[in-house]
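Trainee: need a structure here:
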Amino acid sequence: MFADERAPRRLVIIQVASVFVIVLGLLFVGTAQSLAAMLGGGSVVLPNAWFAFRMHRTRKAGTILGLGILKILLVIACLALALALFEPEPTGFFAALAVALLVQIFGPMVGPRSWKTE
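Mentor: Residues are numbered from 1 along each chain as shown. This is a model prediction of the structure:
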């Protein structure tokens with residue numbers, strides 16, 4: 001159980017901020033790259049925000065596992081829709097996608113410890 005109830009929210013905020021930096025940086029390259037970065041980052045950030053909101057409301061292990069699987073399926077669906085409907089520029093899309101996914105791995109290392117050790 002999380003000792004710090006804000007940990008999932010903090011991770012989503014870090015993800016949004018990092019994708020925002022990529023989007024702003026790619027504005028200097030072109031608006032198409034910047035829009036592609038918004039699609040790529042949003043495809044990961046939106047399902048993660050949903051998961052953090054839902055996980056905050058439950059503590060059952062089976063429910064959290066199901067929500068995690070559903071989050072992965074939502075990320076896949078968002079990526080498929082973004083690629084099929086908008087045909088984004090690959091550089092911006094995959095740059096923001098990679099940053100958003102890397103924040104999932106390295107984001108918990110930022111800030112105070114978020115779990116209890118007993």
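
Trainee: so which strand or helix has the residue nearest to the spatial centre of the chain?
Mentor: The chain has residue 45 as the residue nearest its centroid, 2.9 Å off, counting by C-alpha atoms, centre = their mean. Residue 45 is part of helix 31-56, with elements assigned from DSSP states H and E.

Trainee: ok, residue 107 to residue 19 distance?
Mentor: Residue 107 sits at a distance of 12 Å from residue 19 (criterion: C-beta to C-beta, to the nearest Å). To be clear about C-beta, it is placed using only N, CA and C from the backbone, and glycine gets the same treatment.

Trainee: ok, the two, which is more surrounded?
Mentor: Neighbours per residue (other C-beta atoms under 10 Å) separate residue 107 from residue 19, with residue 19 holding more: 23 against 19.

Trainee: okay, now the residue lying closest to the more buried one once chain neighbours are set aside: neighbour count?
Mentor: Nearest-residue entry for residue 19: residue 41, 3.2 Å, with adjacent residues in sequence omitted and distances by C-beta to C-beta, 6 or more residues apart in numbering. Applying the criterion other C-beta under 10 Å, we find 28 residues in the vicinity of residue 41.
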